[in-house]
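*Asks:* predicted coordinates and the sequence they were generated for:
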Amino acid sequence: GESVGLHLPTLSVQEGDNSIINCAYSNSASDYFIWYKQESGKGPQFIIDIRSNMDKRQGQRVTVLLNKTVKHLSLQIAATQPGDSAVYFCAELRGRDDKIIFGKGTRLHILP
Amino acid sequence: DSGVTQTPKHLITATGQRVTLRCSPRSGDLSVYWYQQSLDQGLQFLIQYYNGEERAKGNILERFSAQQFPDLHSELNLSSLELGDSALYFCASSVDGLDDYEQYFGPGTRLTVT
């Protein structure tokens, strides 16, 4: 398979708690990372991105952390809501004209 | 609604046949990407076009081809179809795909090969 992978295929989180979705990558030459959310029956939706010259980036209720030392990427979702139920993909881009490689995905399940 | 449209929504065809999937990018987007999503392979990048020219190639089979037309819509042609080609095919677009990689995905075309 490709180098981008996810530690857990399914993550169950209590509504209101914070969610952390992890992703490992193997190519230190990757310089751009993206998180996508895919709800059932829909196409992936861009959530947040981060370039390799950063180690943290925040959006609305989401934070992406990049640890280049261990080649690890995480997506933190604050105060998880039922609408956050989806499959989350991390993706990496190696160079300007190179292809984007997606991980297998982690399904986030929200417990009531 | 991402602004990216794909037709048809569903397609059922037999092995050996040829099909064409169509994508219209968001207004103003110059770059179009094609992806295949299957249960066992996940989301696989196939090919990218920028302003009518091929920019990047991924895991696209020789039986598959794509093009982007002057009006920026794109078509993905799949020929000599096999059962394993059954999958969701997504098109995405971005402003330029050079310094802006935020991609907007269409709703997908579900292809079933019987």
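*Replies:* Cool, got the structure.

*Asks:* okay, now the residue nearest to A:Q81 when sequence neighbours are not counted: neighbour count?
*Replies:* In space, and not counting its chain neighbours, A:Q81 is closest to A:E15: 6.7 Å by CB to CB, 6 or more residues apart in numbering or on different chains. C-betas here are computed from N, CA, C, even on glycine. The tally of other residues near A:E15 (other CB atoms under 10 Å in any protein chain shown) stands at 13.

*Asks:* B:S27 now?
*Replies:* Residues lying near B:S27 (other CB under 10 Å) number 8.

*Asks:* got the contact list for the residue nearest to it when sequence neighbours are not counted?
*Replies:* Distance criterion CB to CB, 6+ apart; nearest residue to B:S27, sequence neighbours excluded, is B:G3 at 6.8 Å. Neighbour list for B:G3: B:25-27, B:93, B:104 [criterion: CB atoms under 8 Å, 6 or more residues apart in numbering or on different chains].

*Asks:* B:G3 and A:A29, how far apart?
*Replies:* Per CB to CB, to the nearest Å, B:G3 is found 32 Å from A:A29.

*Asks:* so what's the residue of chain A at minimum distance from chain B up against?
*Replies:* Chain B sits closest to A:G43 of chain A, with a gap of 3.2 Å, by CB to the nearest CB. Residues near A:G43 by CB under 8 Å, 6+ apart: B:2, B:4, B:90, B:92, B:105-108.

*Asks:* please name the nearest non-neighbouring residue to it.
*Replies:* Nearest non-adjacent residue to A:G43, counting by CB to CB, 6+ apart: B:F105, 3.2 Å away.

*Asks:* now that neighbour, which residues is it bridged with?
*Replies:* B:F105 forms beta bridges with B:A92, as assigned by DSSP bridges.

*Asks:* which helix or which strand is home to residue 28?
*Replies:* Using chain A. Using DSSP states H and E, A:S28 sits in no helix or strand.

*Asks:* please tell me how far it sits from B:D71.
*Replies:* Look at A:S28 and B:D71: by CB to CB, they are 40 Å apart.

*Asks:* swap in B:G106?
*Replies:* Distance from B:G106 to B:D71, by CB to CB: 16 Å.

*Asks:* neighbour count: those two, which is higher?
*Replies:* The neighbour comparison of B:G106 against B:D71 (other CB under 10 Å) goes to B:G106, with 27 against 9.

*Asks:* the more buried one touches B:S2, doesn't it?
*Replies:* Yes: counting by CB atoms under 8 Å, B:S2 is a contact partner of B:G106 at 6.5 Å.

*Asks:* would you enumerate the residues in contact with the closest residue to chain A within chain B?
*Replies:* Across chain B, the shortest distance to chain A (CB to the nearest CB) belongs to B:F105, at 3.2 Å. Going by CB under 8 Å, 6+ apart, B:F105 touches A:43-45, B:2, B:4, B:35, B:90-92.

*Asks:* what's the answer for A:S52, then?
*Replies:* Neighbours of A:S52 in contact, by CB under 8 Å, 6+ apart: A:30-33, A:66, A:68.
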